[in-house]
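**Student:** Predicted model and sequence follow; I will ask about them next.
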Amino acid sequence: MVIYGASGHAKVIIDIVRSNNEKTIDFIFDDNHSIKELLGIKVRHNWTNEMRKRPSVIAIGNNIIRRNITEKFENAFCEALVHKSAVLSTNIFIGDGSVIMPNAVINSSAKIGVHCILNTGSIVEHDVVINDFVHISPGVTVTGNVQIGEGTQIGAGATIIPGIKIGKWATIGAGAVIINDVPDFSVVVGNPGKTIKFNKLENE
Ligand SMILES: CC(=O)SCCNC(=O)CCNC(=O)[C@H](O)C(C)(C)COP(=O)(O)OP(=O)(O)OC[C@H]1O[C@@H](n2cnc3c(N)ncnc32)[C@H](O)[C@@H]1OP(=O)(O)O
């Protein structure tokens, strides 16, 4: 398989692949020519047609960039990568290209879209729906029946109370406690969470 992006996030993904001992990383792609290797794996800098055919995972934490790469390259993306310490209900769905970090927990009937990140120690409770390109940061608690729209970032340690609907391409600040629904593109911080501004996205 190929890892797209020689980032800090890529280092954690390499750990996931190595911990499971199931897949081999052929190389990493990054357009920064100054990066020659990462954790002993060769970094290549020219994206070729041959690379398009290889299963890959996008190791880029920024949700918009991750989405734009999927649109540009139309790759054969890997099925989800899951660290062996993660605790997953048998009754969940996880989309291709998503990565589930160490000690994450996903409970019954949760649905996770494509190219999502469930970061270290995050908890996704029963019946939660997480749409494509979402990033759930380390230590987040998403309680039961929450819905999170495409491309939204939930900052480290935030808590979302049950049944809340968070819109698309929103940002929840680190440590926020979300007790009301969040509109699309909102940036929300604090306890209780308040909107401080709105994200601007091209093509939206
Ligand atoms: C493995 C990994 O590392 S995964 C990465 C995880 N990443 C994170 O958790 C990052 C989460 N990001 C944040 O919390 C950021 O502060 C954001 C996105 C909410 C806001 O960032 P910016 O747009 O740069 O806002 P900025 O720093 O200018 O702050 C705007 C105001 O909100 C306040 N604010 C910012 N973040 C927070 C927060 N988390 N909680 C409370 N207040 C906050 C600031 O104090 C400031 O208030 P003021 O206007 O009264 O001075």
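**Tutor:** Noted; the coordinates are in hand.
**Student:** Pull stretch 171-184 out as PDB, backbone CA atoms only.
**Tutor:** Below are the C-alpha coordinates for stretch 171-184, written out as PDB (Å, rounded to 0.1, in the frame of the first residue of the first chain):
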ATOM      1  CA  THR A 171     -15.000  23.300  13.800                       C
ATOM      2  CA  ILE A 172     -15.500  22.500  17.400                       C
ATOM      3  CA  GLY A 173     -12.700  23.900  19.600                       C
ATOM      4  CA  ALA A 174     -10.600  21.900  21.900                       C
ATOM      5  CA  GLY A 175     -12.300  21.200  25.200                       C
ATOM      6  CA  ALA A 176     -15.700  22.500  24.100                       C
ATOM      7  CA  VAL A 177     -19.000  21.000  25.500                       C
ATOM      8  CA  ILE A 178     -21.700  21.000  22.800                       C
ATOM      9  CA  ILE A 179     -25.200  21.000  24.200                       C
ATOM     10  CA  ASN A 180     -27.000  22.600  21.200                       C
ATOM     11  CA  ASP A 181     -27.200  21.700  17.500                       C
ATOM     12  CA  VAL A 182     -24.300  23.400  15.500                       C
ATOM     13  CA  PRO A 183     -25.000  24.900  12.000                       C
ATOM     14  CA  ASP A 184     -22.900  24.200   8.900                       C
END
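**Student:** just how off-centre is it within its chain?
**Tutor:** Stretch 171-184 sits 17 Å away from the centroid of its parent chain (Cα atoms, centre = their mean, to the nearest Å).
**Student:** Report the buried residues of it.
**Tutor:** Buried residues in stretch 171-184, defined by neighbour count with 16 or more other Cβ atoms under 10 Å: 171-173, 175-178, 182, 184. C-beta coordinates here come from the backbone N, C-alpha and C atoms, glycine included.
**Student:** repeat for stretch 84-92
**Tutor:** For stretch 84-92, using 16+ other Cβ under 10 Å, the buried residues are 86, 88, 92.
**Student:** Name the helix or strand of the chain that has the lowest mean pLDDT.
**Tutor:** Within the chain, no helix or strand scores below helix 49-52, which has a mean of 72 by mean pLDDT, DSSP states H and E.
**Student:** before we move on, back to that, quick check: strands, which of the buried residues of stretch 171-184 are part of them?
**Tutor:** 171-172, 177-178 (DSSP state E).
**Student:** nearest to residue 164, of these?
**Tutor:** Residue 164 lies nearest to residue 178 out of these, by Cβ to Cβ, at 5.6 Å.
**Student:** got a pLDDT number for that closest one?
**Tutor:** If you check residue 178, the pLDDT there is 98.
**Student:** same question, residue 140
**Tutor:** 99.
**Student:** residues near the residue nearest to residue 182 when sequence neighbours are not counted, how many?
**Tutor:** Leaving aside its sequence neighbours, residue 182 sits nearest to residue 166 (Cβ to Cβ, 6 or more residues apart in numbering; 4.3 Å). Other residues near residue 166 number 25, with proximity taken as other Cβ atoms under 10 Å.
**Student:** and the protein, which residues reach the ligand?
**Tutor:** 119, 137-138, 155-156, 171, 173-175, 187, 189-190, 196 (Cβ under 6 Å from any ligand atom).
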